[in-house]
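Chemist: structural data only, the sequence is not supplied:
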């Protein structure tokens, strides 16, 4: 537990100091993706369920909050809340279908459902197709704080990220999280002990979808944009990559993975297709030789769970 | 009769034909996935990229060496199949003792690399590939115009699918294969080289994808992304059919192609999503898939 506290304190301190050195908008992007990846990791790392369609939650929440803020004139807090609720609802419906199969099938089903949602957004008029919803107003939080001030926005994103992170941390270390781990390790055994495993898996799935949605909704307000990129399957692949690189089933891994991948995309952006190629190479290396990921390896060296 | 359900018969038949063509590719690709999954327990995410490689292989053979469509139909699958064998020998082989999900992640990474490399070289726009002389033109069947090349694609993929079914279900080699799917250790104990069989099976599945790619070249354009979205639809096809049976993959592939074509006639907005909707309905009532067995 102590190692977790120290690591958490370091992370918070870094996020407080970093905007003085690094471009704050970049850091906000990192935090949104870190929350997204941490939510995803709840499912794969602790429930053993590989979702290959998590982009649908990021994209849905982004569109919902952008639409609410721009067209309906919602205040930012309600726009984000609305986006998150939409992602949760989608999580419930898609979860009910997906948890009917396991393992590889679960991955294929979530991927196919996400592709269906993607095509819906491609055609639906309110998303403005390839253009996306642009110029979303950031608005005034609680009618008090003007979010066009970059520091106010940064503080909000920081709080959202830390709040989501702590919620996931609590979930993992609660009795619920323990049952989830038991299901991952040996589902028949968990069933024989009387646990309704389908319900646990569904709850984990919906929680993961909700927090992925929170990340997507916040991201839409920060960047004042909701676009098809966030709903595309390559985004689903990216979050898998972040989590894998950072360390499956570690607490801090997904956030570290998100930092690395987002930085890489930022600095390699001019190189076009090389970003995809590099991502592919990282996938292959991680699977073949680096399955613990960055934080997993670090934890092994330090002999402390991280 | 000039109308069916209020739709001009020409348009109806035209979409039905497009549906059958798409169905041919769904069937060939899902068959390859099913064969690979049966023995390797890996879902080959690279399948779409390998289909694209087949098409590019034919395109390059024509433009760099002047080798035409007919030899390419044989050469491209062999070349791409050989790269598949290489992948299996150097990478996939190391994953058999791990969770099956790692195979999915590895092949996904490989697909990103392959598609990225081709995009670097050829951009995102498609390259045209001329159809062979012998199959240009078409026949007027009275109620519709049937291009020869499309008729050939449907017939050829049907023959290839049925031949694959025959090899696996009715020959001695196929019985080894099916036995190794059930219990590899026991089959190995009988003196059959199971690792080699696994390698060749992967190569064969990949070659099927490449063959589909060569046949797709003249119909769709040859482009680096041609397999990327297709593979997701094929995954849905596989979930609907269930991977338990070879015949199941073939029937589901063609059937869903037709359903998709007809959706284009009656409700075009849903034509992109209809297969996914069917998948959701099938999951509700028969989670193991139409032809699948729970295991």
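Modeler: That came through fine. Since this is a predicted model, take the numbers as computed values, not measurements.
Chemist: how near is residue B:87 to residue A:120?
Modeler: Look at residue B:87 and residue A:120: by C-beta to C-beta, to the nearest Å, they are 35 Å apart. C-beta coordinates here come from the backbone N, C-alpha and C atoms, glycine included.
Chemist: who has more neighbours out of the two?
Modeler: Between residue B:87 and residue A:120, counting by other C-beta atoms under 10 Å in any protein chain shown, residue B:87 is the more crowded of the two (21 against 18).
Chemist: quick check: closest non-adjacent residue to the more buried one.
Modeler: Spatial nearest neighbour of residue B:87, excluding adjacent residues (C-beta to C-beta, 6 or more residues apart in numbering or on different chains): residue B:110 at 6.7 Å.
Chemist: list the buried residues of the helix or strand hosting the one you found.
Modeler: Element membership for residue B:110 (DSSP states H and E) is helix B:100-122. For helix B:100-122, the neighbour count (16 or more other C-beta atoms under 10 Å in any protein chain shown) marks B:100-119 as buried.
Chemist: kindly report the same for stretch A:298-306.
Modeler: By 16+ other C-beta under 10 Å, the buried positions in stretch A:298-306 come out as A:298, A:299, A:306.
Chemist: same question, stretch A:261-281
Modeler: By 16+ other C-beta under 10 Å, the buried positions in stretch A:261-281 come out as A:261, A:262, A:273, A:274, A:275, A:276, A:277, A:278, A:279, A:280, A:281.
Chemist: now do it: distance to the chain's middle.
Modeler: With C-alpha atoms, centre = their mean, to the nearest Å as the basis, stretch A:261-281 stands 19 Å off its chain's centre.
Chemist: for that stretch, what does the pLDDT average out to?
Modeler: Stretch A:261-281 shows a mean pLDDT of 84.
Chemist: quick check: end-to-end length of that stretch?
Modeler: In stretch A:261-281, first residue to last residue: 13 Å (C-alpha to C-alpha, to the nearest Å).
Chemist: quick one: it near chain B?
Modeler: Yes. Remark: stretch A:261-281 sits within contact range of chain B at A:272, A:273, A:274, A:275, A:276, A:277, A:279, A:280, A:281, by C-beta under 8 Å from any C-beta of the partner chain.
Chemist: in strands only, show me these.
Modeler: Judged by DSSP state E, strands contain none of the residues of stretch A:261-281 next to chain B.
Chemist: where does residue B:138 fall, phi/psi-wise?
Modeler: phi -170, psi -170 (degrees, to the nearest 10).
Chemist: nope, residue B:45 is what I meant
Modeler: Residue B:45 adopts backbone torsions of phi -70, psi -20, taken as degrees, to the nearest 10.
Chemist: burial measure for it, as a count.
Modeler: Around residue B:45 there are 26 residues (other C-beta under 10 Å).
Chemist: and it, what pLDDT?
Modeler: Turning to residue B:45, the model gives it a pLDDT of 90.
Chemist: what residues does it make contact with?
Modeler: Taking C-beta atoms under 8 Å, 6 or more residues apart in numbering or on different chains, we find residue B:45 in contact with B:104, B:107, B:108, B:110, B:111, B:231.
Chemist: quick check: buried residues in the helix or strand harbouring residue B:78?
Modeler: For residue B:78, the host element (DSSP H and E) is helix B:69-90. Buried residues in helix B:69-90, counted by 16+ other C-beta under 10 Å: B:69, B:72-73, B:75-77, B:79-81, B:83-85, B:87-88.
Chemist: okay, the angle between that helix and helix B:100-122?
Modeler: 130 degrees (axes from the mean of the first three to the mean of the last three C-alpha atoms, to 10 degrees).
Chemist: how far does helix B:69-90 sit from the chain's center?
Modeler: 15 Å.
Chemist: what about residue B:60, neighbour count?
Modeler: As a burial measure, residue B:60 scores 16 neighbours (other C-beta under 10 Å).
Chemist: check what pLDDT residue 155 gets.
Modeler: This is for chain A. 90.
Chemist: should've been chain B
Modeler: 92.
Chemist: between helix B:69-90 and the host helix or strand of it, find me the angle.
Modeler: If you go by DSSP H and E, residue B:155 is part of helix B:148-170. With the same axes, to 10 degrees defining the directions, helix B:148-170 sits at 40 degrees from helix B:69-90.
Chemist: sorry, back to before: in a markdown table, list the buried residues of helix B:69-90 along with pLDDT.
Modeler: Below are those laid out as a markdown table (pLDDT from 0 to 100):
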| residue | pLDDT |
| --- | --- |
| B:69 | 87 |
| B:72 | 89 |
| B:73 | 90 |
| B:75 | 92 |
| B:76 | 93 |
| B:77 | 94 |
| B:79 | 95 |
| B:80 | 95 |
| B:81 | 94 |
| B:83 | 94 |
| B:84 | 93 |
| B:85 | 94 |
| B:87 | 93 |
| B:88 | 92 |
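Chemist: out of these, which is nearest to residue A:248?
Modeler: Distance to residue A:248, by C-beta to C-beta, is smallest for residue B:87 among the buried residues of helix B:69-90, at 23.0 Å.
Chemist: how much space separates that closest one from chain A?
Modeler: Here residue B:87 is placed at a distance of 10 Å from chain A (C-beta to the nearest C-beta, to the nearest Å).
Chemist: list the contacts for that residue?
Modeler: When the contact criterion is C-beta under 8 Å, 6+ apart, the partners of residue B:87 are B:46, B:110, B:202.
Chemist: the helix holding residue B:155 packs against which elements?
Modeler: Identification of packing neighbours for helix B:148-170 by 3 or more C-beta pairs under 8 Å, 6 or more residues apart in numbering or on different chains; DSSP states H and E yields helix B:9-40, strand B:138-140, helix B:172-182, helix B:194-216, helix B:246-266.
Chemist: who wins for proximity to residue A:89 among those?
Modeler: Among these, helix B:246-266 comes nearest to residue A:89, with 26.2 Å by C-beta to C-beta.
Chemist: give me the number of residues near whichever residue of the stretch 151-295 of chain B sits closest to chain A?
Modeler: Residue of the stretch 151-295 of chain B nearest chain A, by C-beta to the nearest C-beta: residue B:276 (3.6 Å). Residues lying near residue B:276 (other C-beta under 10 Å) number 27.
Chemist: same question for the one 4 residues further on.
Modeler: As a burial measure, residue B:280 scores 21 neighbours (other C-beta under 10 Å).
Chemist: correct me, but residue B:55 touches residue B:222?
Modeler: Yes. Using C-beta atoms under 8 Å, residue B:55 makes contact with residue B:222 at a distance of 4.6 Å.
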